[in-house]
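Colleague: Here is my input; please provide its structure:
(2 chains)
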Number of protein chains: 2
Amino acid sequence: MEKLKPRTLSGFMELLPAPQQKFERMLEILRKNFALYGFAPIDTPIIESAEILLAKGGGETEKQIYRFQKGDSDLALRFDHTVPLAKYVALHENELCFPFRRYAIGKVYRGERAQRGRFREFYQADIDIIGDGKLSVVNEAEIPSIIYKVFSEFGLKRFCISVNNRKILNGFYAMLGLTEKSGDIMRTVDKLDKIGPDKVRVILVEDIGLSEQDADEILRFIAIRGTNAEVLGRLEAYRGRDEAFDTGLDELTTVTKYLAAFGVPEENFAVDLTIARGLDYYTGTVYETRMLDHPEIGAICAGGRYDNLAEYYSDRSLPGVGVAIGLTRLFYVLDEQGMLNPDLLTAPADVLLLPMTDDFTAAVELATRFRNAGLRTQIYSEQKKFKAKMTYADKLGIPYVVFLGEDEIAQGVCSVKDLRTGQQVSLKPDEAVELIRKGISELNKGSVILEK
Amino acid sequence: MEKLKPRTLSGFMELLPAPQQKFERMLEILRKNFALYGFAPIDTPIIESAEILLAKGGGETEKQIYRFQKGDSDLALRFDHTVPLAKYVALHENELCFPFRRYAIGKVYRGERAQRGRFREFYQADIDIIGDGKLSVVNEAEIPSIIYKVFSEFGLKRFCISVNNRKILNGFYAMLGLTEKSGDIMRTVDKLDKIGPDKVRVILVEDIGLSEQDADEILRFIAIRGTNAEVLGRLEAYRGRDEAFDTGLDELTTVTKYLAAFGVPEENFAVDLTIARGLDYYTGTVYETRMLDHPEIGAICAGGRYDNLAEYYSDRSLPGVGVAIGLTRLFYVLDEQGMLNPDLLTAPADVLLLPMTDDFTAAVELATRFRNAGLRTQIYSEQKKFKAKMTYADKLGIPYVVFLGEDEIAQGVCSVKDLRTGQQVSLKPDEAVELIRKGISELNKGSVILEK
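Modeller: Below is the predicted model of the structure:
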């Protein structure tokens, strides 16, 4: 028979078993922590009616969307978790309790131009808190504290959650009488890191048409740096000139205060007046998280406060706050940077059980005992040479091999070999469980990410 | 603004938070148990090249497939986990270790005619063991033992895993000189449950053209019933007449023996000569699992042994054995039958923390303490009347509410109210953790399925 060359589409991540175990570990950490903060998992379809998904319409996203006909239906694949959340909340608004806290971890689709590190199918992990009419600002501090918890548990230390407030930006531009130009200004300021303050100034004056004075004022404002207390202190100097600004400053002060109470160390979050996160969606607090040693990667997590989650589907005012982690890209980058812990236990089993008898009954019973004790156990039942069996355990990184022969069965013991130390001991089943469990618990202590 | 009516496509399951928690519980049980048996999670893309997915071509499946163009690419959504597994193994055959044990839990797509209980997007949970050239028959007993373990942990008791062997069937028809008609015969025999033996006999004689004698012989064969030992004993009477039959009988005897060793009670598995599972794929042991009190539902899990996993992509002989659970349909049916445990803890949090002060610092710190102790904790930070807050906890089924006011803070305690008993006690944080943890552990004892 003519064979078809097997292939996976480009832009689609498909991992080998060992890296997949690392990815799964990250998924577990996300699920566990999101649950600890009272978020409920919600699973919306990957396919929706195109009309629903594109209610907002227009923009870059629409070109990238996977859209197709099936029978009479105009269908599309979700490109984020926010639009499906808006639909979900609007559809079930009478059955949900608000504030509604949900998390979503799943694949989304964007037909990006194929290039290394760009994915067309990728995992996003989202948390959002949706209020009914109102939503307390405390939530805006809790969200980044969850991000801190999750990244820390991943093993990442050198990262910073930047926090800003759109009301401060809008208020500041209003003070200068530049509200109408604020979109253009923010887009320019956003390039500060890339092009530097001098070029930003040139664009502000020559392209956007600001006075030299206003341009300088803006550059002074976004140059405000220091500890969070220092930045907030310098912002106090602007108080009393614009209502939105004052509200934004109050919110930012509150968020900063509670972030500390939530246990986020000062080195992992920073008030940063240069971040704005898009122009039309966020209305208050905004976040961006970056890896300090890899600024070139950009934001690995972003989000903020919005006023109207479901404005295309519902009359109800549903303010919310949330963030999304681009998990597939993060994993790809960590791997590329050599930051995935090479010593992490990625074997599919803790124990490989080698029956040394023709009848496997005793081996099957021992395996059942191990499994009931929580040990991931594989019985090796193929007829191969001893060396091939040991090579199998070795290649997969299975830490323990247990031999069970006539002698062991007669004596009610089994032989446990630790493949890392080479030590072999003869133990009763309960003792074997104890020994292996301890060893595995040691091996599982490492984190997915290892910073150098 | 004109609003768009929010909707979810028909044939797509979208659960409210409480049932979603039950579904998640089932996913957890699957992941945990598959890992305990040494299976590695593998996550293949939902979108593949249509050429790859349809390599086998033809049949009912092709009509149902979601297939579309994106740019120049002819794409399709996976309709099961088996074809993507075949591609994966063929693509990575030099990087994988065999036997390769993998599990896959994820959504698959079939454009079925829309009707109640039929899904176009549904979860399948698959386990497969793939050998390189050979694969021991012990694996064929282990697979249904995992199914037993999983369904038992779901809370299902009244189910039966039926086991048969295709070599026995093929060998039996060969004995009668009916090999060429065996496909037609098996298709007819498959209808036994629905139309009864008399009508089966009529079809065999009149439509398929068997002699009266052969038809009777077949009906006698498939009527073999009894305990597993009895059925195997009666099959022994046919031994020596066909080589394939004898091999099949040996395999079935071995599988039956090890199934018992794996701890599967006799009442949960049965040798059943009427099951065949399709005609061209399976080559040895075949399985089907049914709910004893709901035969009308059909198989909730099925699979078997095959000889060539990746024949369309690789020259390598890759025999395997596996099963798939149709999870979305199972969940739907359980819900319809009222078999989902209504008392299961489905709240998004174990504790709702109500700060009774303007400043939330103490509440945030207590919440952090609870979370570090593993309690799923939500701080209720909205300004609402006390009654509204209690109603919120009640509606969500959150079992504990913790109050933290000036007095409590001053005394280093908090007030814990058990919403099920109404009891309220003032406790130190560590005592509160202990009390709540115990209560939650009690509440989590129930299983997802509750049989009446």
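Colleague: Look at the residue in the stretch 351-452 of chain A that chain B sits nearest to and give its secondary structure.
Modeller: For the stretch 351-452 of chain A and chain B, the shortest gap (CB to the nearest CB) falls at A:Gln378, measuring 3.1 Å. Where C-beta positions appear, they are placed from N, C-alpha and C, glycine not excepted. Each residue gets one of three states, and A:Gln378 gets strand by DSSP: H, G, I helix; E, B strand; the rest coil.
Colleague: give the contact list for it.
Modeller: Under the criterion of CB atoms under 8 Å, 6 or more residues apart in numbering or on different chains, the neighbours of A:Gln378 are A:348-349, A:351-353, A:398, B:37-38, B:101.
Colleague: which one is it nearest to, not counting chain neighbours?
Modeller: B:Gly38 (3.1 Å; CB to CB, 6 or more residues apart in numbering or on different chains).
Colleague: do the same with A:Lys395
Modeller: Here the residue nearest A:Lys395, using CB to CB, 6+ apart, is B:Cys97, at 5.0 Å.
Colleague: Got the phi and psi for the closest residue to A:Gly320 other than its chain neighbours?
Modeller: On the basis of CB to CB, 6+ apart, the spatially nearest residue to A:Gly320 that is not a chain neighbour turns out to be A:Ile130, at 4.2 Å. Dihedral pair for A:Ile130: phi -110, psi 130, per degrees, to the nearest 10.
Colleague: Report whether the expected contact of A:Ile130 with A:Glu93 is present.
Modeller: No: the pair formed by A:Ile130 and A:Glu93 falls short of the contact definition of CB atoms under 8 Å, at 9.6 Å.
Colleague: Is the least confident helix or strand in chain A by mean pLDDT positioned near chain B?
Modeller: When the helices and strands of chain A are scored by mean pLDDT, DSSP states H and E, helix A:59-64 comes last with a mean of 77. No: counting by CB under 8 Å from any CB of the partner chain, no contacts exist between helix A:59-64 and chain B, the nearest distance being 10.1 Å.
Colleague: Tell me how far that helix lies from the chain's centre.
Modeller: Helix A:59-64 has its C-alpha centroid displaced from the chain centroid by 23 Å (CA atoms, centre = their mean, to the nearest Å).
Colleague: Please put the alpha-carbon coordinates of the helix or strand just after that helix into PDB.
Modeller: Sequence order places strand A:67-70 as the next helix or strand after helix A:59-64, per DSSP states H and E. Taking only C-alpha atoms (Å, rounded to 0.1, in the frame of the first residue of the first chain), the coordinates of strand A:67-70 have been written out as PDB:
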ATOM      1  CA  ARG A  67     -14.700  30.600   9.500                       C
ATOM      2  CA  PHE A  68     -16.500  28.100   7.300                       C
ATOM      3  CA  GLN A  69     -19.900  26.800   6.200                       C
ATOM      4  CA  LYS A  70     -21.400  23.500   7.300                       C
END
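Colleague: tilt between the next helix or strand after strand A:67-70 and strand B:73-77?
Modeller: Stepping forward along the backbone from strand A:67-70, the first helix or strand reached (DSSP H and E) is strand A:73-77. Angle between the axes of strand A:73-77 and strand B:73-77 is 90 degrees (criterion: axes from the mean of the first three to the mean of the last three CA atoms, to 10 degrees).
Colleague: Now do strand A:73-77: everything it contacts.
Modeller: Counting by CB under 8 Å, 6+ apart, residues outside strand A:73-77 touching it are A:46-51, A:53-54, A:65-69, A:108-109, B:9.
Colleague: Just give me how far it sits from the chain centre.
Modeller: 27 Å.
Colleague: Stretch A:375-382 now?
Modeller: Stretch A:375-382 sits 33 Å away from the centroid of its parent chain (CA atoms, centre = their mean).
Colleague: For that stretch, give the mean pLDDT please.
Modeller: Predicted confidence along stretch A:375-382 averages 97 (mean pLDDT).
Colleague: show me where the stretch 101-250 of chain A has helices.
Modeller: All helices of the stretch 101-250 of chain A, identified by DSSP state H, counting those that start in this stretch, fall at A:138-154, A:166-175, A:182-189, A:192-202, A:212-222, A:228-236, A:243-261.
Colleague: still on that earlier bit, what's the ChimeraX syntax to select whichever of the contacts of strand A:73-77 are buried?
Modeller: Here the buried members of those are turned into a ChimeraX selection, burial being counted by 16 or more other CB atoms under 10 Å in any protein chain shown:
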select /A:46,47,48,49,50,53,54,65,66,67,68,108,109 /B:9
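Colleague: what's the farthest-apart pair in the contacts of strand A:73-77?
Modeller: A:Gln69 and A:Val108 (20.8 Å; CB to CB).
Colleague: what about the stretch 51-200 of chain A, any weak spots by pLDDT?
Modeller: Along the stretch 51-200 of chain A, the parts satisfying pLDDT under 70 run over A:58-59.
Colleague: Which part of it gets nearest to chain B, residue-wise?
Modeller: The stretch 51-200 of chain A approaches chain B most closely through A:Phe68 (3.3 Å), counting by CB to the nearest CB.
Colleague: and chain A, what are its domains?
Modeller: Under the assignment automatic domain parsing, the domains of chain A span A:131-306, A:351-443.
Colleague: distance of A:Thr285 from A:Glu266?
Modeller: Using CB to CB, to the nearest Å, one obtains 18 Å as the distance from A:Thr285 to A:Glu266.
Colleague: got a list of what the most centrally placed residue in chain A touches?
Modeller: For chain A, the residue whose C-alpha lies nearest the mean C-alpha position (CA atoms, centre = their mean) is A:Ile325; its distance is 3.2 Å. Contacts of A:Ile325 were listed using CB under 8 Å, 6+ apart, and they are A:30, A:124-126, A:147, A:150, A:300-301.
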